[in-house]
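1. coords below, sequence missing:
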């Protein structure tokens, strides 16, 4: 067996150095997007954990399979896989889905950018993503409106004439500064109603919210 082939398979210093440099750069970008921009507003450690690990795995998958003739098809396949997973799990808010898309997209770009893309272009591309995200998160959208779906048992307060009383009750019970609420499906057998509450996302309280499972007919 060719000794040079064995040596190349065991240790490729140039490939290892490129892997470490690209991985460090991608991790830095992911940390800025997820830890600095997303987490400071959302305070969701579960999504922080998910975004960083997905970014890491997608990057490593792409860069280690870069020489395989898949590239674009493989990248699109990753988006399809995570799209399917999204519909098989608990409903994810649109903002979290956007950050998931960003972390996957940035990881694919950083991993599959070939020799035709200079490091300057790669850095500028990542800075553009960070800049637009920062602008939307911190500058233009000063207040991010969040929503939660809850089961509300005080069915006597869901009538239009008692709307203000319902808002006051919801504020006291959730600890959130709710500015509007929408009544959804009403279950007269159980005297409950689905209510979507809307509030500006500063720092969420540790409130257990309704996780929608099997619907009652």
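-> That came through fine. Treat the numbers as computed from the prediction; the structure is a model and nothing was measured.
2. going forward, measure contacts and count neighbours with C-alpha atoms only.
-> Will do.
3. mind checking the end-to-end distance for stretch 150-158?
-> 13 Å (CA to CA, to the nearest Å).
4. quick check: buried residues in that stretch?
-> Going by neighbour count (16 or more other CA atoms under 10 Å), the buried part of stretch 150-158 is 150, 151, 152, 153, 155, 157, 158.
5. also stretch 59-66?
-> Using 16+ other CA under 10 Å as the burial criterion, the residues of stretch 59-66 that qualify are 59, 60, 61, 62, 63, 66.
6. is the closest residue to residue 180 other than its chain neighbours in a helix, a strand, or coil?
-> Distances taken as CA to CA, 6 or more residues apart in numbering place residue 198 nearest to residue 180, at 5.4 Å, with adjacent residues excluded. Applying DSSP: H, G, I helix; E, B strand; the rest coil to residue 198 yields a three-state assignment of strand.
7. so residue 198 bridges to which residues?
-> Applying DSSP bridges to residue 198 yields these beta-bridge partners: residue 147, residue 180.
8. wait, it touches residue 176, no?
-> No - with contact defined as CA atoms under 8 Å, residue 198 does not count as touching residue 176 (9.1 Å).
9. ok, now how distant is the residue nearest to residue 180 from residue 147?
-> In this structure, residue 198 lies at 4 Å from residue 147, with CA to CA as the measure.
10. what is the least confident helix or strand in this structure?
-> Taking mean pLDDT, DSSP states H and E as the measure, the chain has helix 3-10 as its least confident helix or strand, at a mean of 51.
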